[in-house]
Each structure stands twice: as C-alpha cells, then as structure tokens.
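Show me how the following folds:
(4 chains)
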2 protein chains.
Amino acid sequence: MPTPSEFERLLRGADLRVTRPRVAVLSAVYDHAHADTDSIIGMVREDLGEVSHQAVYDVLRALTAAGLIRRIQPMGSVARYESRVADNHHHVVCRSCGAIADADCAVGDTPCLTASDDSGFAIEEAEVIYWGTCPDCATAASS
Amino acid sequence: MPTPSEFERLLRGADLRVTRPRVAVLSAVYDHAHADTDSIIGMVREDLGEVSHQAVYDVLRALTAAGLIRRIQPMGSVARYESRVADNHHHVVCRSCGAIADADCAVGDTPCLTASDDSGFAIEEAEVIYWGTCPDCATAASS
DNA sequence: GCCCCAAACTTGATTGATTCTAGAAAATGG
DNA sequence: CCATTTTCTAGAATCAATCAAGTTTGGGGC
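Numbers count the residues shown, from 1 in each chain, chains lettered A, B, ... in the order given. Below you'll find the predicted structure:
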C-alpha cells in the first residue's frame, strides 16, 4: 500500500495533475482490488466528502488510459478496477456470486499468447478468465 | 448451415417449443456468427416482418440457457452470439473496430485450464480473449 | 381434428450503468 | 500571484437490457 506521496509521484509520472479526487480514487483502487465503480465512489466520498460520480468516472478513465490501473469487466458484471498492471496475471470469477480473485500465469509471463489460427489479426495481448465457484459458494451449496 | 427442419429438430431436442421467432433467431445466429442483438433483431424482422425486440431477447436467453448458442461479450461491446458451442474455441477481438474472429485452441481441447493458484476456486472453464488489430484496421492504419 | 393451458409473444414502461454538456473551480507554468 | 488549461460539478440524456401485464399460440390429450 503506497503512501499518499507515492500516489502523487505515480500521477505526476503519468503526466496527470494531482487532485484530491485522483489520489482518493487511486488509493481506493489500491486498497480494494476488483472494486466496482459504485464501491469506489462510496470509498472516495467517505474519504473526501461529496464528490460527483462524474468525477470518479473521469478519473477512472484517465487512470486507465494512463496505465496506472486496469479495468476488468467479466460478462454480467459492471466495470471493476485493479492496481496490478505491470505483471501479466488473470482472473478467477465465481459464477454464483461474482467474486473475483487474481490468478497468476501458470507458464511463464505471457502465456497462451499464441492462437493456432489468428485470422490475420496482429495479437497484442491475451486475456484469460477462469470461471468457477468460489470457496464460500461451494460450502454454501454443499450444506 | 442447417436446414429449417434441422433447426426444428435442434429446438425440440432442447425441449423448446418450435416457434417462428425461434427458428428465425437460430437461423440468424448460424448465418452470422458474432452478431449483436440489434443485428439479429434486424435479420429476424427481414425474415418474419414485425417481431418485438423483447421476443428476440427472450429467445436469445432461452437458446443460450439451452446451450444451443453461446453468448460472448468482450469489454466495451454489447452482447453477441454464436452457434459454435460444442468445441472449445476462443476469440480474437480487434481493439480498433471491435471485429471478432474465432481462434481455435493451440493445445488440445481444454487448454489453459490450470491456473497456478486458483485461490480455492473450483475452476470449470477458461475463457480466452485475444486482443489485437484486425487485417482491415492494420492496413487502414499503415496507409 | 378440436380443445385446453402452459409457454411464448406484444406492448409499453422502467431500470441502471455510463456518457454528454455547459459552466464553475482548481492546479500548474510563467 | 495571475493566466491558462485541465479537471470537477450538476443535471440531463443515452442505450442496452429487463420487468410487467395482458394476449396469442404451439402441441399434448380427448
């Protein structure tokens, strides 16, 4: 968990102005991986008082475009954000409750990056989502 | 491309009543892989005349639940549907125009199904999306 | 072949995440 | 400290998708 001044350095490094909403959003995303936009709005407001949802949307887009955070959005879920951007990792999503956990790559750093037939596409990145059942839902279902 | 009576057999096999909207939707999805809901509504109406969008949504959900078609929805895209359901294949998506192409699995039939750390999740399926640039957008960008 | 009823369809309204617009506020460079 | 440019606020608008209530229809049973 970086310090406030670290967040400031991150923002400046990405050529972004340092504003309180931005630091708060960045902090919230670092603190709560895979949080959806609504939760982030809640966390930011708890931190700063009233902040418009529009500002949070804007900040999330700016941070995503700058590569400081990553946006993930499995089918049937609203947009979620996480702070792990440098490494190549994937996600496990619970079909029952929608919980998300990180899953590191099984093989090397850029796995599965080769499709057998790419239809002429220039492939830049492979995104993997593992669908399954989380421990909580598994125990709830078996009881 | 199955015949109309084949579609009927598919529907009956899934314990679904045979209605004109259902045959038309099924046919449209077989004919145009990766079409979005709106395009499908258009194709069905061209075929049958006026059909409510609600009916198409209902049919698409019923067919998806029955496993006759598959719903795919990459980030930033609306829901799309395809008829290839039995095999385990993945998708290549163009970052520029959103075009989707099929990509067969590089290794075996159920590849990448092993995460190195599954966080206790019971993993059922791995979904892979390759992000890149399609041939059309690549040539358009280089000119 | 006809009738019944559950399933499917129509119409119209509603939701809810996200985006747009115009104006006010605030952060950086000079 | 001021000017300029970016960012934030407030409120309306968009659009895919869902919900609700009532009508129609497919298909098994008579």
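
need the residues of chain A near DNA strand D, please.
A:16-17, A:19, A:21-22, A:50-52, A:54-55, A:58-59, A:62 (Cβ under 7 Å from any atom of the strand). Every C-beta, even on glycine, is put in place using the N, C-alpha and C of the backbone.

Please pick the buried ones from those.
A:16, A:21-22, A:51, A:55, A:59, A:62 (16 or more other Cβ atoms under 10 Å in any protein chain shown).

Out of these, which are close to chain B?
With the criterion set as Cβ under 8 Å from any Cβ of the partner chain, no member of those is near chain B.

Please work out which residues outside the longest helix along chain A touch it.
For chain A, the longest helix by residue count, based on DSSP state H, is helix A:53-66. Residues outside helix A:53-66 that contact it (Cβ atoms under 8 Å, 6 or more residues apart in numbering or on different chains) are A:14-16, A:21-22, A:25-26, A:29, A:37, A:40-41, A:44, A:69-71, A:79, A:81.

Please apply the same query to stretch A:24-35.
A:1-2, A:4, A:7, A:10-11, A:39-40, A:43-44, A:47-48, A:51, A:56, A:59-60, A:63, A:68-69, A:72, A:80-84, A:91, A:100, A:102.

So that stretch, near DNA strand C or not?
No: Stretch A:24-35 does not reach DNA strand C (Cβ under 7 Å from any atom of the strand); its nearest approach is 11.2 Å.

Pull the distance from that stretch to the chain's centre.
Distance of stretch A:24-35 from the chain centroid (Cα atoms, centre = their mean, to the nearest Å) equals 8 Å.

What average pLDDT does that stretch get?
Averaged over stretch A:24-35, pLDDT sits at 94.

Export it to PDB, keeping only CA atoms.
Coordinates of each C-alpha in stretch A:24-35 appear next as PDB, following Å, rounded to 0.1, in the frame of the first residue of the first chain:
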ATOM      1  CA  ALA A  24      -8.500   9.200  -3.400                       C
ATOM      2  CA  VAL A  25      -9.600   7.100  -6.300                       C
ATOM      3  CA  LEU A  26      -6.100   5.700  -6.800                       C
ATOM      4  CA  SER A  27      -5.900   4.900  -3.100                       C
ATOM      5  CA  ALA A  28      -9.300   3.200  -3.100                       C
ATOM      6  CA  VAL A  29      -8.300   1.000  -6.100                       C
ATOM      7  CA  TYR A  30      -5.000   0.000  -4.400                       C
ATOM      8  CA  ASP A  31      -6.800  -0.700  -1.200                       C
ATOM      9  CA  HIS A  32      -9.700  -2.700  -2.700                       C
ATOM     10  CA  ALA A  33      -8.800  -4.800  -5.700                       C
ATOM     11  CA  HIS A  34     -11.600  -5.600  -8.100                       C
ATOM     12  CA  ALA A  35     -14.000  -3.000  -6.700                       C
END
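
The longest strand along chain A and chain B in contact?
Using DSSP state E to define each element, chain A has its longest strand at strand A:122-133. Yes: applying Cβ under 8 Å from any Cβ, one finds strand A:122-133 touching chain B at A:122-133.

Return the list of helices and strands in contact with that strand.
Counting contacts by 3 or more Cβ pairs under 8 Å, 6 or more residues apart in numbering or on different chains; DSSP states H and E, strand A:122-133 is packed against strand A:89-94, strand B:122-133.
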